[in-house]
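*Asks:* Please find the sequence and the predicted model below.
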Amino acid sequence: MSAPMESDAYGAPTRSVAIHHVRAALRGAERHGLDITALLERAAVPPELLDVPLARVSPQQFARLTKAVWQALDDELQGLGPQPLKVGTFAMMCHAVVHCSPDLRTAINRSSTFYGLFPGGPRFQLEETASELGPQVALVFDLTAFDDPDHYLAESATVVAHRFAGWLIRRRITLTRVEFSHPAPPHALEYDLLYGAPCTFQAPRTALVFDRTLLELPVLQDELGLQTFLRRAPGDVLARLDYGSTAAAQVRRLLGQSLPDRMPDPEDIAARLAVSAQTLRRRLAAEGTSFQRIRDQLRRDVAIAALATGTVSIEDISRRLGFSEPSAFHRAFKRWTGSAPRSYQPGD
């Protein structure tokens, strides 16, 4: 009899984290001469995965790794900034903003002022404009002082700012677009699930662009909510999916809602989106993906999260994800990650 479904193993599908980000998160620690293997072991990440290009880790593993690097360096910028930003700085900014801001505009401006007090802190500001889409605002980041060849802090800063702003007003902030000054990375397709909006690269600036009227919304969070938010950071913030209006994001959301029941086919999903299967295929192709690719990515992410808990058997995962037999799951998992499922289980 297979193991019962565990909520931690089969919760709401989250985005697994590419090994690229693991290596990037460790870059500053390496520069400071830290024992990388020890940090990985503290996070329960098998060190050998660093050498597997397709490898990925669960959000929980990545959160543990981030916290391990923070603590080892006493630096929330993980050794990539011009000066360390002591652990606890982000939490103190959150406290200052939550209790003293009547609306989102004030909250963002105060957080910018707060970080401006630290020589090594990130720099960002609001730029309000009008466009053919109506009043827009860009949250513009200046990250030129960071020694960040992987653009890891550019991704982290924009994701955290977006999630934190939405958390403050208790609603999703729909982004019009996201601009990056760096070139498109190899994992650019993953940005769709991070931001839920079109992303452009090699732009004149790094910025989040959204509806300016959202700045008028009141801050609705309080001390109790902040405690929960901080307890879940950084893993929940960095790995949480943002389901935007793209076809790929909508398909992933609907597929995720089907688990652990039968995985819908393209015709089922197209019908739920009120389009034909052919139209759905065309839209996905225009976004550089396909139904099969999205389904495989979802199954891969769910499998990685379940394996990392060590509480669910490979046979149970195989069955829950719709494979006819464990051997088929083994083959698919190795194709997705470059490794066998057993290498992702604790203790192996």
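*Replies:* Everything's here; your move.

*Asks:* Count the neighbours of residue 183 for me.
*Replies:* 9 (other Cβ atoms under 10 Å). Yep, even glycine has a C-beta here, placed from its N, CA and C like the rest.

*Asks:* where's it, which helix or strand?
*Replies:* Using DSSP states H and E, residue 183 sits in no helix or strand.

*Asks:* now residue 82
*Replies:* When the helices and strands are read off by DSSP H and E, none of them contains residue 82.

*Asks:* what's the distance between it and residue 145?
*Replies:* Distance of residue 82 to residue 145, given as Cβ to Cβ, to the nearest Å: 5 Å.

*Asks:* what's the overlap in contacts for the two?
*Replies:* residue 120 (Cβ atoms under 8 Å, 6 or more residues apart in numbering).

*Asks:* Flag the shaky bits of this structure, pLDDT-wise.
*Replies:* 1-14, 133, 234-245, 260-261, 347-348 (pLDDT under 70).

*Asks:* Which parts of the protein are strands?
*Replies:* For the chain, the strands defined by DSSP state E cover 17-18, 56-57, 123-131, 134-142, 175-179, 199-200, 206-211.

*Asks:* any chance of those in JSON lines, with distance to residue 165 too?
*Replies:* Output for those, formatted as JSON lines (distance: least, Cβ to Cβ, whole Å):
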{"stretch": "strand 17-18", "distance to residue 165": "22"}
{"stretch": "strand 56-57", "distance to residue 165": "27"}
{"stretch": "strand 123-131", "distance to residue 165": "11"}
{"stretch": "strand 134-142", "distance to residue 165": "8"}
{"stretch": "strand 175-179", "distance to residue 165": "10"}
{"stretch": "strand 199-200", "distance to residue 165": "18"}
{"stretch": "strand 206-211", "distance to residue 165": "8"}
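
*Asks:* what's the most buried one of these?
*Replies:* strand 56-57 (a mean of 26; mean count of other Cβ atoms under 10 Å).

*Asks:* ok so, going back, wait, which of the strands of the chain is closest to residue 42?
*Replies:* In terms of Cβ to Cβ, the element of the strands of the chain nearest to residue 42 is strand 56-57, at 13.1 Å.

*Asks:* partners of that closest one in the sheet?
*Replies:* strand 17-18 (antiparallel) (DSSP bridges).

*Asks:* contacting residues around the partner strand?
*Replies:* So strand 17-18 is contacted by 55, 56, 57, 58, 59, 61, 62, 187, 190, 238, 239 (Cβ under 8 Å, 6+ apart).

*Asks:* Was I right to think residue 32 contacts residue 79?
*Replies:* Yes. When contacts are counted by Cβ atoms under 8 Å, residue 32 is listed as touching residue 79 (5.4 Å).

*Asks:* With neighbour numbers in mind, choose between these two.
*Replies:* residue 79 (20 against 13).

*Asks:* That one: what's it in contact with?
*Replies:* By Cβ under 8 Å, 6+ apart, the contact set of residue 79 is 27, 28, 29, 31, 32, 69, 73.

*Asks:* and which of these is nearest residue 336?
*Replies:* Nearest member of these to residue 336, counting by Cβ to Cβ, is residue 27, at 25.2 Å.

*Asks:* separation between the closest one and residue 306?
*Replies:* In terms of Cβ to Cβ, residue 27 sits 29 Å off from residue 306.

*Asks:* now swap in residue 179 and tell me
*Replies:* Applying Cβ to Cβ, the value for residue 179 to residue 306 is 36 Å.

*Asks:* Residue 251 too?
*Replies:* 21 Å.

*Asks:* What of residue 297?
*Replies:* Here residue 297 is placed at a distance of 15 Å from residue 306 (Cβ to Cβ).

*Asks:* Compare the two (neighbour count), which wins?
*Replies:* residue 306 (28 against 22).

*Asks:* correct me, but that one touches residue 315?
*Replies:* No. Under the criterion of Cβ under 8 Å, residue 306 is not in contact with residue 315, lying 11.7 Å apart.

*Asks:* burial of residue 216, as a residue count?
*Replies:* Counted with other Cβ under 10 Å, residue 216 comes out at 11.

*Asks:* Residue 294 versus the nearest residue to it once chain neighbours are set aside, what's the distance?
*Replies:* Leaving aside its chain neighbours, residue 216 sits nearest to residue 103 (5.8 Å; criterion: Cβ to Cβ, 6 or more residues apart in numbering). Using Cβ to Cβ, one gets 37 Å for the distance from residue 103 to residue 294.

*Asks:* Who has more neighbours out of the two?
*Replies:* residue 294 (23 against 15).

*Asks:* Centre of the chain to stretch 224-236, how far?
*Replies:* Remark: stretch 224-236 is offset 15 Å from the chain centroid, using Cα atoms, centre = their mean, to the nearest Å.

*Asks:* Pull the residues that contact that stretch.
*Replies:* 59-60, 62-64, 66-67, 90-91, 94-95, 98, 156, 160, 167, 221.

*Asks:* Among the residues you listed, which one sits closest to residue 183?
*Replies:* residue 156 (17.8 Å).

*Asks:* number of nearby residues for the closest one?
*Replies:* Burial of residue 156 is recorded as 23 neighbouring residues (other Cβ under 10 Å).
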